[in-house]
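Asks: Have a look at this prediction, sequence included:
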Amino acid sequence: MFSISRFHALTKHLPRGVFDRAVERCEADKYSKGFGRWQQLLAMVYAQLSGADSLRTVEVGFNAQTEHHYHLDAVAVRRS
């Protein structure tokens, strides 16, 4: 059964189209290979909201609820 996570409820108010246009205009993802601009934004928002103090904390916390990644249009966070 589908349920919206609290994080998804917060991030659904982010204007994805405006964000994508700004990234394209500034060519911010010109050299991006695997970890995209939207995934980085979600990881940074998660880190701020959770009070994470290290990349390992962000990785473990964000990846703990992998069933919600599909609805966030995100992928798992890796330390590398």
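Replies: Sure thing, it's come through. Numbering: from 1, shown residues only.

Asks: mind checking which helix or strand the residue sitting nearest the centre point of the chain is in?
Replies: By CA atoms, centre = their mean, the chain has its centre lying nearest to residue 42, at 2.1 Å. Under the criterion of DSSP states H and E, residue 42 resides in helix 37-50.

Asks: Quick one: list the elements packing against the lowest-mean-pLDDT helix or strand in the chain.
Replies: Ranked by mean pLDDT, DSSP states H and E, the helix or strand of the chain with the weakest confidence is helix 69-72, at a mean of 73. Applying 3 or more CB pairs under 8 Å, 6 or more residues apart in numbering; DSSP states H and E, one finds that helix 69-72 makes contact with helix 6-11. Using the backbone N, CA and C atoms, a C-beta is placed for each residue, glycine as well.

Asks: If you count neighbours, what's buried in the helix it packs on?
Replies: 7-8, 11 (16 or more other CB atoms under 10 Å).

Asks: coming back round to it: which residues touch the residue nearest to the centre of the chain?
Replies: Applying CB atoms under 8 Å, 6 or more residues apart in numbering to residue 42 gives the contacts 11, 62, 72, 74.

Asks: quick one: which two of those are the most distant?
Replies: Farthest-apart pair in those is 11 and 62; separation 12.1 Å (CB to CB).

Asks: ok, residue 74 - contacts?
Replies: Contact partners of residue 74, counting by CB under 8 Å, 6+ apart, are 38-39, 42.

Asks: 10 Å - rerun?
Replies: 7-8, 11, 36, 38-43, 46, 62, 66, 68 (CB atoms under 10 Å, 6 or more residues apart in numbering).

Asks: With residue 65 instead?
Replies: 5, 7-8, 72.

Asks: out of those, who's nearest residue 51?
Replies: Once CB to CB is applied, the member of the contacts of residue 65 that ends up nearest residue 51 is residue 7, at 13.7 Å.

Asks: Next one: that closest one relative to residue 33, how far apart?
Replies: 25 Å (CB to CB, to the nearest Å).
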